[in-house]
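Asks: Build me a structure from this.
(chains A and B)
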There are 2 protein chains.
Amino acid sequence: MGRWEPNAQARLRQAAMELYAERGFDRTTVAEIAERAGLTERTFFRHFADKREVLFAGSSQLQELLVTSTASAAPEVGPGVAVAAAFEKAAAEYFPPVEYSRQRQRVIDANPALQERELAKLDRVAAALAGALRARGVDGPTAALTGESGVAAFKVAFVRWITDPADRPLLGHVRTAFAGLGDVWAFAPTRN
Amino acid sequence: MGRWEPNAQARLRQAAMELYAERGFDRTTVAEIAERAGLTERTFFRHFADKREVLFAGSSQLQELLVTSTASAAPEVGPGVAVAAAFEKAAAEYFPPVEYSRQRQRVIDANPALQERELAKLDRVAAALAGALRARGVDGPTAALTGESGVAAFKVAFVRWITDPADRPLLGHVRTAFAGLGDVWAFAPTRN
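Replies: Residues are numbered from 1 along each chain as shown, chains lettered A, B, ... in the order given. Predicted structure coming up:
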């Protein structure tokens, strides 16, 4: 159907981000996004379920990449190393240019409902990582702890990345954050 | 005003939890909660802003307790120890009986909007802990990492507690989770 539309998804995403920034997420319509991108509404809906999904479509892809990567770590690799390596791989290969991530974050920061949506997506990533670890034979509590705290480290790395005045790559921020987990929690544990 | 109402807040909370369990959160009204508790709507609104706050009023108190406790740790105490000790103190002193927490969790699990609200509240706890650590002179990235991953460990401990068939106290689950962070993330870090 229709003509070939080069990079339709990327054009729609860029148009949406510009409009969300200019007039706010709530006051932007799908029709306006399509028009700005020089495409039809029908094309929009071939790529995104709704205008919110323009912001969050990447989360499911990220989750899939992290789960696949965690699952494919060598069998002898422990849960922390497997999850840290998965986030490093995602940081190196998956993320859009930092300027896009900055724009997206400004849109989300301006809208509490989008913030809650973002947190819910990250919570699902943590649960999916825990599932991938359990499939590797990691016990349930350790799998949950590694998934949750791995996502916690990634959240911090992501914020450092998009606020880094030196524009260093995400990968370095991810490595620093995971190394930081080791430093912060290395104190002699009191077990019960 | 009116007669003395012994434990009005606790009675309202218990009545609300019963009704949310029986008919669902969305189909319960403040009038019904007050009636079940044998109190007036006016009394309800002296204790809670709305029916959602019955579930979440505790989060702000928890946050305050954690922040106060983190701030009052001895100056030489590192961020991980300060935050772990704050959660241990909260676990020992603050939480309602496990049966109440189980009921509350069932209500939240049945309602995606309440789940997102819960995640938003926990996100605010992480940010508040980071603020308390920065006030102790901890650098921003480490403070953020400790706040986020401390909350991550607590989430896991909380779930273990309310699903523990042996009904062991929350404190033990919190200690196990924070010790687990040290175990999981103790691998030799690759720094950038």
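Asks: can you tell me the helix or strand for A:Ala85?
Replies: Taking DSSP states H and E as the definition, A:Ala85 sits inside helix A:79-93.
Asks: I figured A:Lys51 hits A:Val30, correct?
Replies: Yes: using Cβ atoms under 8 Å as the test, A:Lys51 is close enough to A:Val30 to be in contact (5.5 Å). Yep, even glycine has a C-beta here, placed from its N, CA and C like the rest.
Asks: burial count for A:Ala74?
Replies: By other Cβ atoms under 10 Å in any protein chain shown, 8 other residues sit near A:Ala74.
Asks: Any residue of stretch A:39-53 touching chain B?
Replies: No: shown here: stretch A:39-53 not in contact with chain B (Cβ under 8 Å from any Cβ of the partner chain), separated by at least 13.2 Å.
Asks: Output that stretch as CSV, nothing but the C-alphas.
Replies: Provided in CSV are the C-alpha atoms of stretch A:39-53 (Å, rounded to 0.1, in the frame of the first residue of the first chain):
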residue,chain,number,x,y,z
LEU,A,39,3.0,11.4,6.1
THR,A,40,-0.6,10.2,6.6
GLU,A,41,-2.3,9.2,9.9
ARG,A,42,-2.6,5.8,8.4
THR,A,43,1.1,5.5,8.1
PHE,A,44,1.4,6.7,11.7
PHE,A,45,-0.8,3.9,12.9
ARG,A,46,1.2,1.4,11.0
HIS,A,47,4.2,2.3,13.2
PHE,A,48,2.7,3.3,16.6
ALA,A,49,-0.4,2.3,18.5
ASP,A,50,-0.9,5.9,19.8
LYS,A,51,1.0,9.1,20.4
ARG,A,52,2.3,7.8,23.7
GLU,A,53,3.9,4.8,22.1
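Asks: What lies in contact with that stretch?
Replies: The contact list for stretch A:39-53, computed with Cβ atoms under 8 Å, 6 or more residues apart in numbering or on different chains, reads A:2, A:5, A:8-9, A:11-12, A:16, A:25, A:28-31, A:33-34, A:37, A:54, A:57, A:114, A:117.
Asks: Nearest residue to the middle of chain A?
Replies: Taking Cα atoms, centre = their mean, the centroid of chain A lies closest to A:Ser59, which sits 4.7 Å from it.
Asks: on that earlier part again, any buried residues in the helix holding A:Ala85, and which?
Replies: Counting neighbours by 16 or more other Cβ atoms under 10 Å in any protein chain shown, one finds that the buried residues in helix A:79-93 are A:79-91.
Asks: Any part of it near chain B?
Replies: Yes: counting by Cβ under 8 Å from any Cβ, chain B is contacted by helix A:79-93 at A:79-81, A:84.
Asks: Out of these, flag the one nearest to A:Ala127.
Replies: A:Ala127 lies nearest to A:Pro79 out of the residues of helix A:79-93 next to chain B, by Cβ to Cβ, at 14.5 Å.
Asks: Check whether that closest one really touches A:Ala132, as I assumed.
Replies: No: the criterion here is Cβ under 8 Å, and A:Pro79 misses it with A:Ala132 at 9.6 Å.
Asks: what's the neighbour count on the residue nearest to A:Asp109 when sequence neighbours are not counted?
Replies: Sequence neighbours aside, A:Gln115 is the residue nearest to A:Asp109 in space, at 7.1 Å (criterion: Cβ to Cβ, 6 or more residues apart in numbering or on different chains). Other residues within reach of A:Gln115, judged by other Cβ under 10 Å, total 16.
Asks: what about the helices in chain A?
Replies: Remark: helices assigned in chain A by DSSP state H are A:8-23, A:30-37, A:41-47, A:53-71, A:79-93, A:98-109, A:112-135, A:140-162, A:170-184.
Asks: Between those helices, which one is closest to B:Ser149.
Replies: Counting by Cβ to Cβ, and looking across all of these, nearest comes helix A:140-162 at 4.3 Å.
Asks: how about that closest one, does it reach chain B?
Replies: Yes: judged by Cβ under 8 Å from any Cβ, helix A:140-162 comes into contact with chain B at A:141-142, A:144-146, A:148-149, A:151-153, A:155-156, A:159-160.
Asks: any chance of those residues in JSON lines, with neighbour count and pLDDT too?
Replies: JSON lines is the format used below for those (neighbours: other Cβ atoms under 10 Å in any protein chain shown; pLDDT from 0 to 100):
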{"residue": "A:Pro141", "neighbour count": "17", "pLDDT": "95"}
{"residue": "A:Thr142", "neighbour count": "20", "pLDDT": "97"}
{"residue": "A:Ala144", "neighbour count": "27", "pLDDT": "98"}
{"residue": "A:Leu145", "neighbour count": "33", "pLDDT": "97"}
{"residue": "A:Thr146", "neighbour count": "31", "pLDDT": "98"}
{"residue": "A:Glu148", "neighbour count": "27", "pLDDT": "97"}
{"residue": "A:Ser149", "neighbour count": "30", "pLDDT": "97"}
{"residue": "A:Val151", "neighbour count": "25", "pLDDT": "98"}
{"residue": "A:Ala152", "neighbour count": "27", "pLDDT": "97"}
{"residue": "A:Ala153", "neighbour count": "27", "pLDDT": "97"}
{"residue": "A:Lys155", "neighbour count": "21", "pLDDT": "97"}
{"residue": "A:Val156", "neighbour count": "29", "pLDDT": "97"}
{"residue": "A:Val159", "neighbour count": "17", "pLDDT": "96"}
{"residue": "A:Arg160", "neighbour count": "20", "pLDDT": "97"}
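Asks: remind me which residues of chain A are low pLDDT?
Replies: Within chain A, the segments meeting pLDDT under 70 span A:1-6, A:188-192.
Asks: switch the cut-off to 50
Replies: Counting by pLDDT under 50, the ranges of chain A that qualify are A:1-2, A:190-192.
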